[in-house]
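Enquirer: Give me a model of this one.
(chains A and B)
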Amino acid sequence: MPRLLVIDDRDQTIEMCQRHLPQFDYVTRCDKSIPCQVCEERVRGCTLRCAHDHLEAAEALRRQPSLPDLVVLDLHFALPEERLLPEDKTLLPAEKKPRAAALEELRRRQGLLILERLRKDYPTLPVVLLTTTGAHPLRAAGAQDPLVYFCENEVVDSRTLASEITRALELHHTTQEGPIFWGRSRPMAELRRQLAVLSRSPLPVLVEGETGTGKSFLAEHVIHPRSGNKGPLVVTDLSTIPSSLLPAHLFGARRGAYTGSTEDQPGVFEQAHGGTLFLDEIGNLDLELQRQLLLVLERGAVTRLGDTRSRPAVVKLVAATNMDLEELVREGRFRADLYMRMNPATRLRVPALRERREDLPELVKFAFLEALRSEPLRPLVRQYLARFPTPDDFREVESTVAFGKPSARGARRDAFTIFFSRQSLDRLSAHSWPGNHRELKLLVMNALVFTLVNHLDTGPAAGDERAPALLVIADHLVERLLAGTSPGAGKTAPLKALRKGPGRTVEIALKPAPTFAEVSAEVERQYLCALFEACAGDLDKMGRELLGPAGNKRKVHLRMNQLGLRLRELRSAPSEELVQARPEEPAA
Amino acid sequence: MNPWLQRLRHDLLKRALWTARDLRDLGAHPTASDLRALAAGLRELADPEGRPIAARALFSLFLEDAPPGSPGFSQACDTFGQALGFADAAVGRALFDAALGPAAVAAVLQLEPAFEALARSMNPRI
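Expert: As a prediction, this is how the structure comes out:
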């Protein structure tokens, strides 16, 4: 049940909410979980029902083990001077009448001051602000905060308030929407709010953002479906088409219009008529094509190359770029009139992944689960499930991702449980993500592929009766993927693959060395690194593979030390963690 | 809207009408607890400094600061004051006799047209 904190100088708001909105739970300033309306303390004169000012609000929030789902905050607080924000009132006039007027002004906008104070400690807490109808200056002051939802109906009733609360909760808590993970970061909340409006607008939408931030994804999954246009979505990346073919690609061509044009060809504008046209990397267009593009946009019609007949081409244009178009206009590389036609006043900026660090843990979970369900990974997952005995009630859709040390107790028996260490998560948080979501997606996909292949190669341990549905993403694997090297490689040289046939096959890359002894040592070093990876750091297993029944952990460890391979560096985690990582197998 | 009217609507009318609107929307016969909430909307208000005050007394305070209005303004103020009196009396009776609950709700809801008339008298274009 969603929990609300009501901050109001009167108890009427919380009483009305408790009376008429029983679908919500309420934060009170006491430890009782029963509604104030039926609480016996009420008849004894309890005054702890509501947070009546900023201090009581802070106290109520401090007492909670977890944050409420939403704050309902009044704008006007009829309170004595000493309970008003700001605490320092030396700037207020000293004379009685002007001071009274200034205090009254403070009371009328006290909600905004409380909001500002709340934001310092709780930056992601969503707030429904009860404002006066037509209080535009106040609205403008709070409009910069994407997590503030305005309930403007001054003469309010519980039904209106309930619908505002529900809307705010829906917007804030549906962090995931189909294939999109919105998260809770402020830039994404702002983007989501803008998209809700601009998707329905017939005007062009200009989307800016670094490569890999998902600009085309938003066009496909948000802007086009919500546009209400019946026509198709046509996506074209202007950076991938040779400049000589671009005019025909955009505007179409009549047969024989240019060498090799053997049949009439509609351009993307025609194809997208009545729908949405997504032009990626619009900054790459040359000036002549920009002029033609402007003409098409203004006329809503297009003429194919070599033709005289114009054809309708009314599209909702979504243009994306990772360049600064304004800068290009200043440099004369982008037409100012086309830029203005792109509706720059409402341009959207898709935040880079490094600006969404608070969302990263949830994004990582989301990415792992999406990857596990993705088509490209299906053959490997199917192979994995076929290889290991799988319980009848195994339900892949229930798969989960857990952060921390792997433990059999924390793992599900009927679905995959992916364990990802806190250390790796910190490493991801510290990464700058130049490739943004595309990079994260690939990292996650790679991590799953290597982990699944590793399980398949090593096979089930003796006595395993069920699939090791616990997938541990090793820290050193994450580290190496982030470093941009192939995960099979040791520290010394890149390694392409490690396969298991009758024996292990490893590709080894060597640089010239002064002696054969050093060449042999390097070969052994790289082989051991690859085997360490394949055995998920299990030295006993490595020992058995290398030396048969006589092999053991101690011998492998000793040899690795002799070769200068440090376990700590290889796994960037204590060795116990890897032993715990495979609870199905007997520990060394 | 005139700031004085805005304040009156926020500090007095909103509090009084909230419960009445909810009870009207519910459509059921008001219970004793509903009627206590209805009475609180008229009798447990706060003055600018947060001290408890009843709606009629609060309106008197508002009248001291009332801006100059059109010729019909003082008459509209009287009408609104009377509507407040009727509502308060109706709610008072309903507290003793729950059967009078619906009439009390209707009397409180009458504050809304009285307020609109007051607003019109300040600015005939409204």
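
Enquirer: Please make it C-alpha for all contacts and neighbour counts, starting now.
Expert: Will do.

Enquirer: give me the element the residue nearest the centre of chain A is part of.
Expert: Nearest to the mean C-alpha position of chain A, counting by CA atoms, centre = their mean, stands A:Leu363 at 4.3 Å. Assignment of secondary structure by DSSP states H and E places A:Leu363 within helix A:360-373.

Enquirer: Can you name every helix or strand that the very next helix or strand once past that helix contacts?
Expert: Per DSSP H and E, the first helix or strand lying C-terminal to helix A:360-373 is helix A:378-387. With contacts taken as 3 or more CA pairs under 8 Å, 6 or more residues apart in numbering or on different chains; DSSP states H and E, helix A:378-387 sits against helix A:436-458.

Enquirer: Stretch A:446-461: which residues count as buried?
Expert: Buried residues in stretch A:446-461, counted by 16 or more other CA atoms under 10 Å in any protein chain shown: A:446-457, A:460.

Enquirer: what sits against the residue nearest to the centre of chain A?
Expert: A:Phe181, A:Gly183 (CA atoms under 8 Å, 6 or more residues apart in numbering or on different chains).

Enquirer: again with A:Asp324
Expert: A:Glu208.

Enquirer: Got the confidence number for it?
Expert: On pLDDT, A:Asp324 comes in at 87.

Enquirer: How about A:Pro468?
Expert: pLDDT at A:Pro468 comes out at 60.

Enquirer: Same question for A:Pro351.
Expert: A:Pro351 is given a pLDDT of 91.

Enquirer: returning to that earlier point: list just the nearest of the buried residues of stretch A:446-461 to A:Gly306.
Expert: Lowest distance from A:Gly306 to the buried residues of stretch A:446-461 (CA to CA) belongs to A:Asn446, with 48.3 Å.

Enquirer: Please report how far the spatially closest residue to the closest one that is not a sequence neighbour lies from chain B.
Expert: In space, A:Asn446 comes closest to A:Leu481 once its chain neighbours are excluded; the distance is 7.8 Å by CA to CA, 6 or more residues apart in numbering or on different chains. With distances taken as CA to the nearest CA, to the nearest Å, A:Leu481 is found 59 Å from chain B.

Enquirer: my read: A:Leu481 touches A:Leu443, true?
Expert: Yes - between A:Leu481 and A:Leu443 there is a contact under CA atoms under 8 Å: 6.5 Å.

Enquirer: And A:Phe516, how far from chain B?
Expert: From A:Phe516 to chain B the distance is 90 Å (CA to the nearest CA).

Enquirer: From B:Ala32, how far out is that residue?
Expert: 98 Å (CA to CA, to the nearest Å).

Enquirer: Look at those two and report which has more neighbours.
Expert: B:Ala32 (16 against 10; other CA atoms under 10 Å in any protein chain shown).

Enquirer: That one contacts B:Ala99, doesn't it?
Expert: No - if you go by CA under 8 Å, B:Ala32 and B:Ala99 don't touch, sitting 10.0 Å apart.

Enquirer: So which of the buried residues of stretch A:446-461 sits lowest on pLDDT?
Expert: A:Pro460 (60).

Enquirer: quick one: contacts for B:Arg93?
Expert: Counting by CA under 8 Å, 6+ apart, B:Arg93 has contacts B:Leu100.

Enquirer: What strand or helix carries it?
Expert: Judged by DSSP H and E, B:Arg93 forms part of helix B:73-96.

Enquirer: residue boundaries of the strands in chain B?
Expert: B:45-46, B:52-53 (DSSP state E).

Enquirer: between those, which gets nearest to A:Glu170?
Expert: Minimum separation from A:Glu170 across the strands of chain B (CA to CA) falls at strand B:45-46, 33.0 Å.

Enquirer: which other residues reach the closest one?
Expert: So strand B:45-46 is contacted by A:Ala78, B:Asp11, B:Leu12, B:Arg15, B:Pro52, B:Ile53, B:Ala54, B:Ala55, B:Leu58 (CA under 8 Å, 6+ apart).

Enquirer: Repeat that for stretch B:75-91.
Expert: By CA under 8 Å, 6+ apart, stretch B:75-91 touches B:35, B:38-39, B:42, B:55-56, B:59, B:100-101, B:103-105, B:107-108, B:110-111, B:114-115, B:117-118, B:121.

Enquirer: can you check stretch A:209-229 too?
Expert: Contacts for stretch A:209-229 (CA under 8 Å, 6+ apart): A:179-180, A:195, A:198-202, A:207-208, A:233, A:235, A:274-276, A:278, A:280, A:318, A:320-323, A:349-353, A:435-439.

Enquirer: and if we set it to 6 Å?
Expert: A:Ser199, A:Arg200, A:Gly275, A:Asn322, A:Arg349, A:Val350, A:Ala352, A:Gly435, A:Asn436, A:His437, A:Arg438 (CA atoms under 6 Å, 6 or more residues apart in numbering or on different chains).

Enquirer: Contacting chain B as well, which ones from the residues you listed?
Expert: Near chain B, judged by CA under 6 Å from any CA of the partner chain, there are no entries from those.

Enquirer: between those, which is closest to chain B?
Expert: Comparing those against chain B with CA to the nearest CA places A:Arg200 closest, at 31.7 Å.

Enquirer: mind listing the helices in chain B by residue range?
Expert: B:3-8, B:14-26, B:32-43, B:55-64, B:73-96, B:101-109, B:111-122 (DSSP state H).

Enquirer: can the ones you listed go into JSON lines with extra columns for mean pLDDT?
Expert: Below are these laid out as JSON lines (pLDDT from 0 to 100):
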{"stretch": "helix B:3-8", "mean pLDDT": "86"}
{"stretch": "helix B:14-26", "mean pLDDT": "88"}
{"stretch": "helix B:32-43", "mean pLDDT": "90"}
{"stretch": "helix B:55-64", "mean pLDDT": "92"}
{"stretch": "helix B:73-96", "mean pLDDT": "93"}
{"stretch": "helix B:101-109", "mean pLDDT": "94"}
{"stretch": "helix B:111-122", "mean pLDDT": "90"}
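
Enquirer: Of those, which is nearest A:Leu372?
Expert: helix B:14-26 (49.1 Å).

Enquirer: Which elements pack onto the closest one?
Expert: Helix B:14-26 sits against helix B:32-43, with contacts defined as 3 or more CA pairs under 6 Å, 6 or more residues apart in numbering or on different chains; DSSP states H and E.

Enquirer: Tell me, how many residues neighbour B:Leu23?
Expert: B:Leu23 has 24 nearby residues by other CA under 10 Å.

Enquirer: ok, the residue lying closest to it once chain neighbours are set aside - how many residues close by?
Expert: Excluding the flanking residues, the one nearest B:Leu23 by CA to CA, 6+ apart is B:Pro30, at 6.8 Å. Residues within reach of B:Pro30, counting by other CA under 10 Å, total 22.

Enquirer: Confirm for me that A:Gly404 is in contact with A:Leu425.
Expert: No - look at A:Gly404 against A:Leu425 with CA atoms under 6 Å: they stay out of range, at 9.1 Å.

Enquirer: of the two, who's got more company?
Expert: Remark: of A:Gly404 and A:Leu425, A:Leu425 carries more neighbours, 18 against 15, as counted by other CA under 10 Å.

Enquirer: And the pLDDT at the nearest residue to the more buried one once chain neighbours are set aside?
Expert: Excluding its sequence neighbours, the residue lying closest to A:Leu425 (CA to CA, 6+ apart) is A:Pro361, at 7.1 Å. Looking at A:Pro361, its pLDDT reads 87.
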